[in-house]
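1. output the structure for:
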Amino acid sequence: MLIKEIMTPNVITVTPDDDVKKAATLIFVKKISGLPVVEQGKPIGMISEKDVLRAIYPTYQEFFENPEEFRVFADLRRRYSETSNLKVGQIYNKRVITVGPETPLLNALSLMITKRVRRLPVVDTEGKIVGIVSQGDIHQALFSEQFLLQR
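-> Predicted structure coming up:
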């Protein structure tokens with residue numbers, strides 16, 4: 001089975017100039033865990049709910065340098081507000097790993113496991129995004145193909 005058979009076309013994307021608030025809203029409303037960040041239709045990275053949360057919550061170093069700042073609810077609330085005004089370009093993960101529509105599912109899954117990513121943009125020969133596939137999509141297709149009883 002090939003990626004093109006299970007990928008989600010019409011990918012929801014954001015650009016580096018979009019507000020983090022837009023990206024977080026799309027992630028929440030569309031019930032997805034991340035989005036490709038694109039420029040001129042080509043993926044240049046990914047932004048996930050983890051990236052947004054990392055921007056909101058203090059790092060260990062910040063916490064140990066100033067623990068009092070993070071014991072007050074209002075200070076953490078301020079960080080939520082500040083993060084929503086950031087641009088996607090300030091917090092997204094610039095590492096992007098892609099596959100083509102003709103990639104076999106197990107090859108894509110192996111890539112996800114070895115590179116520790118949960119979703120892969122699918123690109124055409126010009127590098128433009130044509131779909132997206134998640135580990136869940138691949139597992140569902142493989143389980144369906146291998147384990148479900150034929151009726």
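2. host element of residue 52?
-> Taking DSSP states H and E as the definition, residue 52 sits inside helix 49-56.
3. show me the contact partners of that helix.
-> Residues outside helix 49-56 that contact it (C-beta atoms under 8 Å, 6 or more residues apart in numbering): 20, 23-24, 27, 33-34, 76, 79-80, 83, 86, 90-93. In short, each C-beta sits where N, CA and C put it, glycine included.
4. pick out the lowest-pLDDT one from those residues.
-> Least confident of the contacts of helix 49-56 in the model: residue 76, at 68.
5. quick one: contacts for the most centrally placed residue in the chain?
-> The residue lying closest to the centre of the chain (C-alpha atoms, centre = their mean) is residue 34, at 2.7 Å. Residue 34 makes contact with 27, 46-51, 118-119, according to C-beta under 8 Å, 6+ apart.
6. so where's this protein uncertain?
-> 58-60, 67-76, 148-151 (pLDDT under 70).
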